[in-house]
Every structure is written in structure tokens, then in C-alpha cells.
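# build me a model:
(one chain, ligands or ions: 2)
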Amino acid sequence: MTRIAVAGASGRMGRTLIEASQQVNGIELTAAVDRRGSDAVGRDAGELAGTGALGLVVQDALDRVVADFDVLIDFTLPEATLAHAACCREHGKRMVIGTTGFTGEQRVLLDAASADIGMVVAPNMSVGVNLCLKLLDVAARVLGDEVDIEIIEAHHRHKVDAPSGTALRMGEVVAAALGRDLDECAVYGREGRTGARERKTIGFETIRAGDIVGEHTVMFAGLGERVEIQHKASSRMTFANGALRAAQWVMTRPPGRYDMQDVLGLD
Ligand SMILES: NC(=O)C1=CN([C@@H]2O[C@H](COP(=O)(O)OP(=O)(O)OC[C@H]3O[C@@H](n4cnc5c(N)ncnc54)[C@H](OP(=O)(O)O)[C@@H]3O)[C@@H](O)[C@H]2O)C=CC1
Ligand SMILES: O=C(O)C1=N[C@H](C(=O)O)C[C@H](O)C1
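Residues are numbered from 1 along each chain as shown. Ligands and ions are numbered 1, 2, ... in the order given. This next block holds a predicted model:
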């Protein structure tokens, strides 16, 4: 049995994870935490998720429950995830991290924590998106520098980071396949008199609207034909189930940083 704690219990993903954890064999939800001062603190985690009382009270600090779980599943904000990583490192607890929007410096701090604990970090836990990452690598290698590459993503109105972590990972995969450095070739949200497209750039466009769960399209556009690789998530359950699969997988791994490609055996 893998005992999990959910950080950000009252969030969109937190509530979905609480629900999913009750449906997966081999997973037991044994702790839930949220931001200090949140209305969710002190409430029953199951009631918060709308699945009925579980007898598990949401706490306001991870160190209060650190003896109660094996793997922390964290879908919060970068600053909160880093604080949780420090706590998990100190107490030898494994992590599954879905949070996006980390700066380069924050990524380095996460890497440091993974020297001592097993950690799965992935901007997208769905099987479909991780399959798309493999397809993107093949498409970029076959189509090469002849095509213009644009990445379009759409999410709900509440999302606070852009482009999405998934779009950025897609850009990294395509750039690596073509021998480009994404930091140098990325172009974000064009506006005004831009001039003609520079051939080796990778463009990113962001849509924020309504309740869109998460949609990503990578366009490889040449002269006379265009290939598009697209993924549309219609339920957050796909991310939650991936995170629970990662939690079970990381229990058998030595310290280190892993991603969903490792979990799914796609590397
Ligand atoms: N990897 C993947 O597959 C996916 C990743 N994501 C990512 O997950 C993250 C969360 O997304 P989503 O659930 O929609 O966001 P929400 O804003 O709905 O949830 C975030 C939760 O974290 C809580 N929180 C903030 N600070 C802390 C803290 N210090 N300790 C504990 N909890 C805290 C928030 O509380 P409060 O609201 O009170 O501030 C909130 O409940 C985002 O970065 C998103 O991009 C999302 C879906 C899939
Ligand atoms: O914030 C979200 O909702 C999502 N965020 C992730 C990202 O930034 O890539 C993954 C998913 O598309 C949903």
C-alpha cells in the first residue's frame, strides 16, 4: 500500500486527487494539507472533494503530518512546492510534483532536493501528452528545418502561468531534436509590426478562456503541407491517475529526479 499526502487539497487538482485516490487499488490517502489561512484547513478532505467524509482533516503545514505518508503529491505553486521539497528531503519522503511555472533557479533547487529523495516531476501526468512528446521528437527529426514550428495552448481562465508547463516541455523536446536551444529560439505571443517569421524560431501562443481543462497543438508547417500533433484533456482525472501511478512507481526507485517518460517506460 502506498500512503499518499495531497498538497493543495482544496485546489482543482487537489480535489481531483482526493477523489481519484479512493478509486485506485494500492493507494491510501493518509494526509492532506493546504495553505495556512485557507478555508479548507480543518475540513474533512473527502467532504472538500465532494466524495463524502473520510475522517481525514486538512492540515495547514506539511511538517504536522510528515510521519503519516510515504509520497507527497504536490500540485500547488512553485514557492509552496519548494518549501514542501525541503520538508520531504529532511524527512526522507518521496514526491510527485505536477506544479508548473518554475523559474530556472527554482528548477535548480528542486534538482538539489532530488539528490536525497525520489521525485517525479512532470508538467503533464497524462499518458496521452507523454505519448505526444515521443511523437513530437519523431516529427521534428523527420520534418527538420524545412518547417515552421508553432505551439498553441489553451487553458481555463484561472491558470496563473503561461505558456503552460506542457507547452514549454513540448518546445524543449522539439528544440532538442533539431539541435536548437529553446532559450534562444522561442518567440512568445507576437504583436505589432513583427517582420517576417525568422525560420528557426519556435512560436508560442496562449489562450486563457472559460473552463478549458488543457489543450495543446504543435504545428509543423511547410510549403504545401502541414502536420499537427494535438492533445485535448477533457477531465483532470487523467492528470490525477497519472500522478497516482507515478506515486506507486517512485516507491521502488532510489533517490533522483524522474519524469513521466520514466514512469511510463517511454525513454
Ligand atoms: N502536471 C500536471 O499534469 C498538471 C499540472 N497542473 C499544475 O498544478 C498546479 C495547480 O493547478 P490547479 O490545481 O489548477 O491550481 P489551484 O489554484 O486550483 O490549486 C492550487 C492549490 O494549492 C494551494 N496552495 C497554495 N499555497 C500553498 C501552500 N503553501 N501549501 C499548501 N497548499 C498551497 C492553493 O490554496 P489557495 O487557493 O488557498 O491559495 C490551492 O488550493 C499548477 O501549477 C498547474 O499548472 C495542473 C494540472 C495538471
Ligand atoms: O493549470 C492547468 O490546469 C494545467 N497545467 C499544466 C501545464 O501547465 O502544462 C498541465 C495541464 O495542461 C493543466
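# okay, the residue sitting furthest away from the middle of the chain and ligand 1: tell me how far apart.
Each residue of the chain has a distance to the centre, and by Cα atoms, centre = their mean the biggest one is for Gly224: 35.2 Å. Separation of Gly224 from ligand 1 (Cβ to the nearest ligand atom, to the nearest Å): 36 Å. Any C-beta I mention is one placed from the backbone N, CA and C, and that applies to glycine too.
# may I ask you to confirm that that residue belongs to a helix?
No: the assignment for Gly224, made by DSSP: H, G, I helix; E, B strand; the rest coil, is coil rather than a helix.
# ok, it to ligand 2 distance?
Taking Cβ to the nearest ligand atom, one finds Gly224 at 32 Å from ligand 2.
# do Val65 as well
Per Cβ to the nearest ligand atom, Val65 is found 25 Å from ligand 2.
# so who does that residue touch?
Residues counted as contacts of Val65 (Cβ atoms under 8 Å, 6 or more residues apart in numbering) are Ala5, Thr30, Ala31, Val33, Gln59.
# change it to 10 Å
Val65 sits next to Ala5, Thr30, Ala31, Ala32, Val33, Leu56, Val57, Val58, Gln59, Leu72 when contact means Cβ atoms under 10 Å, 6 or more residues apart in numbering.
# against ligand 1, which of those make the cut? List them.
With Cβ under 6 Å from any ligand atom as the criterion, the contacts of Val65 include Val33 near ligand 1.
# and the contacts of Val65, which are buried?
For those, burial is judged from neighbour counts taken by 16 or more other Cβ atoms under 10 Å, and it is met by Ala5, Thr30, Ala31, Ala32, Val33, Leu56, Val58, Gln59, Leu72.
# so what's the residue count around the closest residue to ligand 1 within the stretch 1-150 of the chain?
Among all residues of the stretch 1-150 of the chain, Gly11 sits closest to ligand 1, at 2.1 Å; criterion: Cβ to the nearest ligand atom. Gly11 has 19 neighbouring residues, counting by other Cβ atoms under 10 Å.
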